[in-house]
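Novice: sequence and computational prediction follow.
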Amino acid sequence: MLLNELTDGAEIDQVLLVRESERRQRRDGGEYMRLQLSDRTGAVACMVWEELREIEELARAGAPVRVRGRYTVHPRFGPQINLHGLEAPEPGSFEVKDLLDGPAREVEQMEREVRDLLATIQQPHLRVLLERVFGEGSELWAGYRVAPAAKYYHQAYRHGLLEHSLGVAQAVSAISATFAGIDRDVAVTGALLHDIGKLEAYTDDPQNIDLTDAGRLHGEIALGYYRIRRAIEDIEGFPAELAQAVGHIILSHHGALEHGSPVVPCTREATLVHMIDNLGGRLGSFDRLEKELAPGRHWSGFDRAIGAGAFFASRSTSGRGDENRSAPAPAETALAGGAVEGEAELEETSASAREAA
């Protein structure tokens, strides 16, 4: 049974993936562990209060574990698992595909669409640059096609960067003709390259997506800018103004200084890429939330990425939202981080669960 199919009070005995494992301090001076467990439909929090050393060895980030416990929905902090037992899974007792999310479309189809888009670029220097990044034998392309787009909120899975960047570039291409003064070649190139720093910023293990040391120290924007800057410097005769235009898109695509960009978008092309990138990330969050919903539900729990719960009208039978509002989706606690503040209440809940077990 998948996480989005569980109901409050359900007993579980299944293999889940450890997404995060962290020791934390209790108010009484002791320690506990907070695990984030997941499958391809979402994630759920799990607190460990005993045998921390053994559990820490077993439940490392990226490891599959057999989980026995009770799935509950806390009235304030949402879904969690009251743990009865945790152990290594038996070989052959689970399918990795059930634990890992992935893109909605076939990877081969997305790769063909990238090639189709590259063929429309007319500016010769940009064509050379894009060939060096996306060419069939390129080391960058080998990483680009499998990299995740994020750790949590949108396309946080293998091939996520390809899916996200292609979607942004296709939308930028389509809208470029609508507004006067946009250099389509520059905008599409910037859209395809805007997140390329994530190749260095994130690990390439689909079972344990995390920031690398370089990602933490430099950030994906700086990593992406300098990678493309180096590639441009190796192309003879690359116009300085063109290099500046592409570099500005990469540097400004987060849209604001407080969001990590060292500059704000100051050109039409950079503004367009930022707006479509933001839209693509936001809609990607809706995709994630819909996957996490149990059959029959059409409201998600509160989600940080969109600042609200998401409503999916196609799941509604009566159209009356309040009557059909469901319990929070499994990922709500993990994404909102609510379980941390509720340690005392969760400890009481977990203690009761241990007694019941």
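Specialist: Now that the structure is in, tell me what you want to look at.
Novice: and the longest strand seen in the chain, which strands flank it?
Specialist: Ranked by residue count under DSSP state E, the longest strand found in the chain is strand 10-25. For strand 10-25, the paired strands and their directions (DSSP bridges) are strand 31-39 (antiparallel), strand 64-74 (antiparallel).
Novice: among those, which is nearest S252?
Specialist: Using CB to CB as the criterion, the shortest distance between S252 and the strands paired with strand 10-25 is 32.4 Å, found for strand 31-39. For every residue, glycine as well, the C-beta is placed using N, CA and C.
Novice: contact partners of that closest one?
Specialist: Judged by CB atoms under 8 Å, 6 or more residues apart in numbering, the contacts made with strand 31-39 from elsewhere in the structure are 2-3, 16-26, 43-49, 52, 55-56, 59, 65, 67, 81, 98-99, 334, 339-340, 343, 347.
Novice: tell me the mean pLDDT for the longest strand of the chain?
Specialist: The pLDDT scores in strand 10-25 average 91.
Novice: in that strand, what's buried?
Specialist: For strand 10-25, burial by neighbour count (16 or more other CB atoms under 10 Å) applies to 12, 14-21.
Novice: do the same with stretch 43-63
Specialist: Within stretch 43-63, the residues scored as buried using 16+ other CB under 10 Å are 43-49, 55, 58-59, 61-62.
Novice: the residue lying closest to E5 once chain neighbours are set aside and L99: what is the separation?
Specialist: Distance criterion CB to CB, 6 or more residues apart in numbering; nearest residue to E5, sequence neighbours excluded, is A294 at 5.6 Å. The gap separating A294 from L99 is 18 Å, by CB to CB, to the nearest Å.
Novice: neighbour count winner among these two?
Specialist: In terms of neighbours (other CB atoms under 10 Å), L99 is the more surrounded of A294 and L99; the figures are 21 against 17.
Novice: tell me the confidence at that one?
Specialist: Reported pLDDT for L99: 87.
Novice: surely it is in contact with Q207?
Specialist: Yes - with contact defined as CB atoms under 8 Å, L99 and Q207 form a contacting pair (7.5 Å).
Novice: quick one: the helices in the stretch 201-350 of the chain?
Specialist: Secondary structure of the stretch 201-350 of the chain (DSSP state H, counting those that start in this stretch): helices located at 213-218, 220-233, 240-252, 268-292, 321-324, 331-336, 338-341, 343-356.
Novice: oh sorry, the question was meant for the stretch 51-200 of the chain
Specialist: Secondary structure of the stretch 51-200 of the chain (DSSP H, counting those that start in this stretch): helices located at 52-58, 107-118, 124-134, 139-144, 160-176, 184-193, 198-201.
Novice: single out the most deeply packed of those helices.
Specialist: Mean neighbour counts were compared across the helices of the stretch 51-200 of the chain using mean count of other CB atoms under 10 Å; the top stretch is helix 184-193, at a mean of 26.
Novice: for it, packing partners?
Specialist: In terms of contact count using 3 or more CB pairs under 8 Å, 6 or more residues apart in numbering; DSSP states H and E, helix 184-193 is assigned the packing partners helix 107-118, helix 124-134, helix 160-176, helix 240-252, helix 268-292.
Novice: what pLDDT is listed against the residue located most distally from the centre of the chain?
Specialist: In the chain, G237 marks the outermost C-alpha relative to the chain mean, sitting 38.0 Å out by CA atoms, centre = their mean. Note on G237: pLDDT of 97.
Novice: repeat that for R230.
Specialist: Residue-level confidence at R230 comes out at 96, pLDDT.
Novice: burial of it, as a residue count?
Specialist: Tallying neighbours of R230 according to other CB under 10 Å, which is how burial is gauged here, yields 9.
Novice: contacting residues for the residue most central in space within the chain?
Specialist: Averaging the C-alpha coordinates of the chain gives a centre point, and the residue nearest to it by CA atoms, centre = their mean is A156 (2.7 Å). By CB under 8 Å, 6+ apart, the residues touching A156 are 101, 148-150, 209, 288.
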